[in-house]
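*Asks:* what's the 3D shape of this:
(one chain, ligands or ions: 2)
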Amino acid sequence: MTPPERVLGIETSCDETAAAVVEDGLRVLASVVRGQDDLHAPYGGVVPELASRDHLGALDRIVAAALDEAGLGLDDLSGVAVTAGPGLLGSLLVGLCFAKALAYRAGLPCVGVHHLAGHLAAAELADPSLRAPYLGLVVSGGHTALYRIEDEAPPALLGETLDDAVGEAFDKVAKLLGLRFPGGPALARLAEGGDERAVAFPRPLADAPGYDFSYSGLKTAAALEIERRRAEGGLGEEGAADVAASFQAAATDPLVLRARRAVREEGLRRVAVVGGVAANLRLRREMERAGREDGFSVHFPPAALCTDNAAMVAAAGWRLLARGERHGLELSAFSRVPLAELPWGRSGA
Ligand code: KG4
Ligand code: ZN
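*Replies:* Ligands and ions are numbered 1, 2, ... in the order given. Reported below is the predicted structural model:
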């Protein structure tokens with residue numbers, strides 16, 4: 001079978017409306033991302049109903065902009081890939097219905113992609129020298145999970161968060177510090193000026209075996225610290241930076257610790273970190289330091305490929321199309337679905 005050449009990717013699982021064209025699974029010809037920050041900022045978080053309505057109004061323009069940027073028409077495409085889950089159901093359905101209709105009208109094959117398979121594909125898209133087997137750490141607003149990535153088997157889940165996702169914890173603590181939504185990047189910026197040893201926040205599950213994570217205790221500890229400092233006469237700019245830096249260290253250390261352990265115990269030599277929180281500079285620094293000390297290579301996509309985008313969806317979809325996977329008009333959206341259970345995972349099985 002001839003592999004598809006140019007795949008249009010569509011991503012609407014949360015609050016980014018995105019479209020991209022990727023050639024041969026590894027060259028990004030165009031990638032357009034439209035965020036909804038201003039829409040959700042007054043509420044301090046993503047409002048699902050508003051998100052899906054906004055996708056509906058924007059998606060056709062975003063797809064047209066991506067084709068325009070690539071200098072291509074529908075006839076130049078070989079397939080359509082769309083995020084089918086997990087995510088906000090209403091938002092997913094907008095992208096899914098659009099992709100199916102477009103593929104039907106253009107006579108193109110269509111595949112549904114798992115959002116995390118997309119995030120993981122971003123690592124190989126950014127660095128084609130990255131070869132399986134490797135450890136895939138997915139850190140985003142909805143997920144915190146470690147996978148063993150193989151070529152011929154579905155991703156094997158080694159561990160995941162038992163409660164909140166790390167990005168969610170960043171966003172909640174940022175909100176408590178009075179930072180504007182989306183809080184994660186704002187908290188990270190504030191933290192750069194603070195002392196990360198100022199507050200000894202807990203490192204949950206640090207001594208527990210295995211690869212699971214927990215963020216709800218850390219979130220509560222940060223909330224209590226902020227409350228205490230406010231009650232004792234104000235947090236102040238310096239105090240807020242210290243709390244932010246200490247929280248950021250406590251949130252990112254367990255990611256590095258588990259990755260180090262997994263690399264050792266699983267006999268791996270490469271680590272790819274993907275998802276929105278992979279844009280975090282402290283996580284990058286500490287993971288790279290661990291890699292130098294323990295002798296594993298560390299692969300972080302550039303920030304634009306870490307947060308939600310459609311190039312990663314097109315890249316993951318390209319692999320599926322290349323091995324003959326096709327999804328018909330009955331393809332539906334899934335709000336929650338494990339990566340390894342799907343026919344839309346990274347590979348075989
Ligand atoms: O992958 P993504 O765009 O969407 C989901 O699939 O969740 O990740 C968004 C998450 C948000 O929680 C955001 O606050 C966090 O990634 N994030 C960061 C940084 N940039 C984005 N967290 C910490 N430091 C950053 N620099
Ligand atoms: Zn994501």
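*Asks:* helices along the chain, start to end?
*Replies:* Using DSSP state H, the helices found in the chain span residues 37-40, 48-70, 89-106, 115-126, 166-176, 183-191, 216-231, 236-266, 281-294, 303-306, 311-322.
*Asks:* which one of those is the most hemmed in?
*Replies:* Ranked by mean neighbour count, the helices of the chain are led by helix 311-322 with a mean of 30 (mean count of other C-beta atoms under 10 Å). Any C-beta I mention is one placed from the backbone N, CA and C, and that applies to glycine too.
*Asks:* that one to helix 115-126, inter-axis angle?
*Replies:* 100 degrees (axes from the mean of the first three to the mean of the last three C-alpha atoms, to 10 degrees).
*Asks:* okay, now the unreliable bits of this protein?
*Replies:* Applying pLDDT under 70 to the chain flags the ranges 1, 341-349.
*Asks:* roughly how far does the residue nearest to the spatial centre of it sit from Leu255?
*Replies:* Compute the mean C-alpha point of the chain, and by C-alpha atoms, centre = their mean the closest residue is Gly275, 2.5 Å away. The gap separating Gly275 from Leu255 is 11 Å, by C-beta to C-beta, to the nearest Å.
*Asks:* and for those two, which residues touch both?
*Replies:* Contact criterion C-beta atoms under 8 Å, 6 or more residues apart in numbering; residues bridging Gly275 and Leu255 by contacting each: Val139.
*Asks:* which parts of the stretch 151-300 of the chain sit against ligand 1?
*Replies:* Proximity of the stretch 151-300 of the chain to ligand 1, by C-beta under 6 Å from any ligand atom, involves residues 167, 170-171, 182-185, 188, 275-277, 279-280.
*Asks:* can you name the two of those that are farthest apart?
*Replies:* Gly183 and Gly275 (15.9 Å; C-beta to C-beta).
*Asks:* for ligand 1, what is the nearest residue in the stretch 201-349 of the chain?
*Replies:* Nearest residue of the stretch 201-349 of the chain to ligand 1 (C-beta to the nearest ligand atom) works out as Gly276 at 2.1 Å.
*Asks:* that residue - how many residues pack around it?
*Replies:* Neighbour count for Gly276, taken as other C-beta atoms under 10 Å: 27.
*Asks:* quick check: it vs Glu168, distance?
*Replies:* To Glu168, Gly276 is 10 Å away according to C-beta to C-beta.
*Asks:* intersection of neighbour lists for those two?
*Replies:* Residues touching both Gly276 and Glu168 (C-beta under 8 Å, 6+ apart): Gly141.
*Asks:* ok, the residue nearest to the centre of the chain - contacts?
*Replies:* Here Gly275 is in contact with 119, 138-140, 143, 167, 306 (C-beta under 8 Å, 6+ apart).
*Asks:* make it 6 Å
*Replies:* 119, 138-140 (C-beta atoms under 6 Å, 6 or more residues apart in numbering).
*Asks:* what's the farthest-apart pair in those?
*Replies:* Among those, His119 and Val139 lie farthest apart (C-beta to C-beta), at 9.1 Å.
*Asks:* between the contacts of Gly275, which sits nearest ligand 1?
*Replies:* Ranked by distance to ligand 1 (C-beta to the nearest ligand atom), those are led by Ser140 at 3.4 Å.
*Asks:* the closest one touches Ala279, doesn't it?
*Replies:* No - Ser140 is beyond contact range of Ala279, at 10.2 Å (criterion: C-beta atoms under 6 Å).
*Asks:* many thanks, I have nothing further to ask.
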